[in-house]
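# Next comes the sequence, and after it the predicted model I'd like to discuss.
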Amino acid sequence: MENYNKLKSLIASIEGDADKFFNNGNSAAGTRVRKGLQEIKTLAQEIRNEVTSKKNDEKK
């Protein structure tokens, strides 16, 4: 659950930069958005692995 909360926080943290990029054309904000999305991708994969592991442990 800890990683899930980190994921929600990370999504919220890039919201401002996404707004700056898409509405104002700020390219530096776009770079920050891409970096944040890469971190989200990595964290989401970790959460998927945790869920799969927990699900498989319960089957045993």
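Structure received. Numbering: from 1, shown residues only.
# Output the below-cut-off pLDDT ranges for the protein.
Per-residue confidence of the chain (counting by pLDDT under 70) places the weak regions at 60.
# tell me the centre residue of it?
By CA atoms, centre = their mean, the chain has its centre lying nearest to residue 40, at 2.2 Å.
# The residue lying closest to that one once chain neighbours are set aside: how many residues sit nearby?
If you skip the residues right next to it in sequence, residue 40 has residue 10 as its closest partner in space, 5.6 Å away by CB to CB, 6 or more residues apart in numbering. (Glycine included, C-beta is placed from N, CA and C.) Burial of residue 10, expressed as a neighbour count using other CB atoms under 10 Å, amounts to 15.
# gap between whatever helix or strand residue 10 lives in and the chain center?
Residue 10 is located in helix 2-24, with elements delineated by DSSP states H and E. A distance of 8 Å separates the centroid of the chain from that of helix 2-24, by CA atoms, centre = their mean, to the nearest Å.
# Which residues outside that helix are in contact with it?
The contact list for helix 2-24, computed with CB atoms under 8 Å, 6 or more residues apart in numbering, reads 26-27, 29-30, 32-33, 36-37, 39-40, 43-44, 46-47, 50.
# that older thread, what helix or strand is the residue nearest to the centre of the chain on?
Residue 40 belongs to helix 27-59 when assigned by DSSP H and E.
# what distance separates that helix from the centre of its chain?
Counting by CA atoms, centre = their mean, helix 27-59 is centred 6 Å from the centre of its parent chain.
# what does stretch 26-43 give?
Taking CA atoms, centre = their mean, one finds the center of stretch 26-43 at 9 Å from the center of the full chain.
# In that stretch, which residues are buried?
For stretch 26-43, burial by neighbour count (16 or more other CB atoms under 10 Å) applies to 29, 32, 33, 36, 43.
# again, but for stretch 47-60
Along stretch 47-60, these residues count as buried under the neighbour rule (16+ other CB under 10 Å): residue 47.
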